[in-house]
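Trainee: Okay, sequence plus prediction incoming.
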Amino acid sequence: MTEDNITRLEVDGKQLILIGTAHVSKLSAEQVKEVVERERPDSVCIELDAQRYESVMQDKKWKETDIFKIIKDKKASLLLMNLAISSFQNRLADQFGIKPGSEMIQGIRSAEETGAELVLADRNIQVTFSRIWGNIGLMGKTQLISSVFFSIFSKESISEEELEKMKQQDTLNAVMDDFTKAFPRIKKPLIDERDQYLAQKIKEAPGKKVVAVLGAAHIPGITREIHQEQDLKALNEVPKKSKWPKIIGWAIPLLILSIIAYTFYANPAAGFDQAVSWILWNGTLAAIGAAVAFGHPLAILTAFVAAPISSLNPLVAAGWFSGLTQAFVRRPNVGDFDTLSKDVFTVKGFWDNKVTRVLLVIVLTNLGSSLGTFIGGADVLRLFFENL
């Protein structure tokens, strides 16, 4: 067997065998199987965290998902992003007949068959996203979301050249490659820090011989970082949220309420106009968001009623109420969760599936409500100055 894509290192008396895999290559899984069976390592490290491991190993896990709990835990946006990325994987699978991550599954199976200890060596994906999210600013966040979704729903086929490029990346890197070029700051949390994390986990794996199954893009960084001691606790820290968004979040509604109250006192007719403007802008734009998501009429009505009130309280969001209403009236069933991974492959499927419909109702209602807050607030100020 050729030693292509295999890097051998001696670190702290351990023999480390790094297999640089292509996440969209059938041959990589075969190579993983052959290397593990031949080397009989004490440990097999794979480039997965616990969350992605469960996703890989529990195909029926979606059936047990509680949509109401997702809404309650405020995880709708995160789940929608994860589903968006999975649709990118499905597009690859459909075009090239490849199952992304098959080499990781083979690593898991080979570890079990040879009696090696399995080590989940990658950092928690939510920590990685949090460190990316906290490093790109408001404009960057907007561009990131747009970039991911537009690339996912693009009908363009992936060329052979692009496929070859992806063979040197992991799935996360592939999805965000263009954005990384536009925002170099995310390279550190997305690639460099994960190289450090993976290097330390591989080095700490039990036994004297360790095989690591990794995306080829990580091999140079890991080879460089593995001779240094890495602080896993520091790499796992989630950035502290700034106090300013919370301060602004409370300051704006208090200012709006104060202005309307004062105007009512000085000029009841103008105060009434302000209140109506606030309600109509907030309610209408939130309802439009729910309608764009093809929400149930009751969910659209809920969005209209909830938005003007929730916009004055940063602790709640109109989308939660419209989403709960949508989930109650059109509750997702087992079949919806069963077909979820395929439905997110197309725009139509994204809107037709009851699970993603609920998530879209939440996200688009909140987007409409946020827009309504800014426009409605500006109109309240306009009426205030006009009636001084």
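Mentor: Thanks, I have it.
Trainee: The helix or strand containing Glu113 - what's its average pLDDT?
Mentor: In this structure, Glu113 sits in helix 102-114 according to DSSP states H and E. For helix 102-114, mean pLDDT rounds to 92.
Trainee: domain parsing for this structure?
Mentor: For the chain, automatic domain parsing gives the domain ranges 6-235, 243-386.
Trainee: Return the most buried member of these.
Mentor: Comparing these by mean neighbour count (mean count of other C-beta atoms under 10 Å), domain 243-386 comes out on top with a mean of 19. From N, CA and C alone the C-beta is placed, and that goes for glycine too.
Trainee: Mean pLDDT lowest where, among the domains of the chain?
Mentor: Ranked by mean pLDDT, those end with domain 6-235 at the bottom, a mean of 77.
Trainee: Ends of that domain, what's the gap?
Mentor: End-to-end distance for domain 6-235, by C-alpha to C-alpha, to the nearest Å: 27 Å.
Trainee: The nearest residue to Ile219 once chain neighbours are set aside: what's it in contact with?
Mentor: Distance criterion C-beta to C-beta, 6 or more residues apart in numbering; nearest residue to Ile219, sequence neighbours excluded, is Gly20 at 4.4 Å. Contact analysis of Gly20 by C-beta atoms under 8 Å, 6 or more residues apart in numbering lists 5-7, 214-216, 218-219.
Trainee: can you do 10 Å?
Mentor: Counting by C-beta atoms under 10 Å, 6 or more residues apart in numbering, Gly20 touches 4-7, 28, 31, 167-168, 212-220, 222.
Trainee: what are the ranges of the strands in the stretch 1-150 of the chain?
Mentor: Assigned by DSSP state E, counting those that start in this stretch, the stretch 1-150 of the chain shows strands spanning 6-11, 14-21, 43-46, 117-120.
Trainee: want to try CSV for the ones you listed, with distance to Ala317 as columns?
Mentor: What follows is the strands of the stretch 1-150 of the chain, written out as CSV (distance: least, C-beta to C-beta, whole Å):
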stretch, distance to Ala317
strand 6-11, 48
strand 14-21, 41
strand 43-46, 37
strand 117-120, 34
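Trainee: For Val35, which of those is the nearest?
Mentor: Across these, Val35 has its closest neighbour in strand 14-21 (5.8 Å, C-beta to C-beta).
Trainee: May I have the strands that pair with the closest one, each with its orientation?
Mentor: Strand pairing for strand 14-21, determined by DSSP bridges: strand 6-11 (antiparallel), strand 209-215 (parallel).
Trainee: number of nearby residues for Asn5?
Mentor: 18 (other C-beta atoms under 10 Å).
Trainee: Return the distance of the closest residue in space to it that isn't next to it in sequence relative to Ala291.
Mentor: Spatial nearest neighbour of Asn5, chain neighbours left out: Gly20 (4.3 Å); criterion: C-beta to C-beta, 6+ apart. Applying C-beta to C-beta, to the nearest Å, the value for Gly20 to Ala291 is 48 Å.
Trainee: try Lys14
Mentor: Plainly put, Lys14 is 59 Å away from Ala291 if you go by C-beta to C-beta.
Trainee: State which helix of this structure is the longest.
Mentor: Counting by DSSP state H, the longest helix found in the chain is helix 354-386.
Trainee: show me the contacts for Leu388.
Mentor: In this structure, Leu388 makes contact with 263, 266-267, 270, judged by C-beta under 10 Å, 6+ apart.
Trainee: what does Val292 give?
Mentor: Val292 neighbours (C-beta under 10 Å, 6+ apart): 300, 351, 360-361, 364-365, 367-368.
Trainee: quick one, phi psi at it?
Mentor: Reported as degrees, to the nearest 10, the phi and psi values for Val292 are phi -60, psi -30.
Trainee: Start the count at 12 instead of 1 going forward.
Mentor: With the count now opening at 12, the last piece we talked about shows up as Val303.
Trainee: between the contacts of Val303, which is nearest Glu123?
Mentor: Nearest to Glu123 among the contacts of Val303 is Leu371, at 39.0 Å by C-beta to C-beta.
Trainee: so what's that closest one up against?
Mentor: With contacts defined as C-beta under 10 Å, 6+ apart, the neighbours of Leu371 are 87, 91, 300-301, 303-306, 330, 334, 337, 361-362, 364.
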